[in-house]
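Q: here is my input; please provide its structure:
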Amino acid sequence: MAMIHKFGKPDLFLTFTCNPSWSEILNCMDGVQRPEDRPDVIAHVFNMKLKELLEDICKHGIFGTVLAYIYVIEFQKRSLPHAHILLTLDSESKIRTKDDIDKFVSAELPDPCTDLRLFQIVTKCMVHGPCGTININSPCMRYAQYRKSFPKQFMLMGTLFIAEEPLNLSK
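A: Next up is the predicted model:
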């Protein structure tokens, strides 16, 4: 609360999740070891990458000028760490419009013809599945139904809430 009092409400909420398939983790495995056998390696690599992410955000200003940030590290069911990060930006960097959002957020797959590597990373790490009738034992399924009501209906328009009033943004 002291940070909010001094710097205002946070502008961005980020989640940074450990990937047990990061090469830095896999390269430390001996013989038949699996990442879950080495929580020390997982913690070390996660902290190293979190520090690098915070440097990109705060020192290199990928979202603009950061006035304040705070984060907490939690552990998932499989003992993987993830960080919840709150960022407060200066007035020039605040996200106010659809164009501001579009600079940082995309819900579309990258074009494999123009950036194959990014396409491969996104489809491997950010696309959910297989699930549904193909895999009813997937963690997202319960009683042969999607637990979180996915897939959601495609929307041509996003909604931005400012001062508790919705502002519709065309796509």
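Q: quick one, domains of this structure?
A: 1-103, 116-146 (the TED database).
Q: now do the same end-to-end measure for the first one.
A: So the one you mean is domain 1-103. End-to-end distance for domain 1-103: 29 Å, by Cα to Cα, to the nearest Å.
Q: secondary structure element holding residue 124?
A: helix 116-125 (DSSP states H and E).
Q: and the next helix or strand past that helix?
A: Using DSSP H and E, the first helix or strand after helix 116-125 is strand 141-142.
Q: and the next helix or strand after that next one, how far out from the chain's middle?
A: Next helix or strand after strand 141-142 toward the C-terminus (DSSP H and E): strand 145-146. How far strand 145-146 lies from its chain's middle: 23 Å, per Cα atoms, centre = their mean, to the nearest Å.
Q: how about residue 69, secondary structure?
A: strand (DSSP: H, G, I helix; E, B strand; the rest coil).
Q: chain neighbours aside, what residue packs nearest to it?
A: For residue 69, ignoring the flanking residues on the chain, the nearest one in space by Cβ to Cβ, 6 or more residues apart in numbering is residue 87 at 5.0 Å. (C-beta placed from N, C-alpha, C; glycine too.)
Q: report the beta-bridge partners for that neighbour.
A: Residue 87 has the following beta-bridge partners by DSSP bridges: residue 12, residue 69.
Q: state the distance from the residue of the chain most remote from its centre to residue 38.
A: In terms of distance from the mean C-alpha position of the chain, residue 31 ranks first, at 31.5 Å (Cα atoms, centre = their mean). Counting by Cβ to Cβ, to the nearest Å, the gap from residue 31 to residue 38 is 12 Å.
Q: can you check residue 137 too?
A: 27 Å.
Q: of the two, which one has the most company?
A: Counted by other Cβ atoms under 10 Å, residue 137 and residue 38 do not tie: residue 38 has more neighbours, with 17 against 6.
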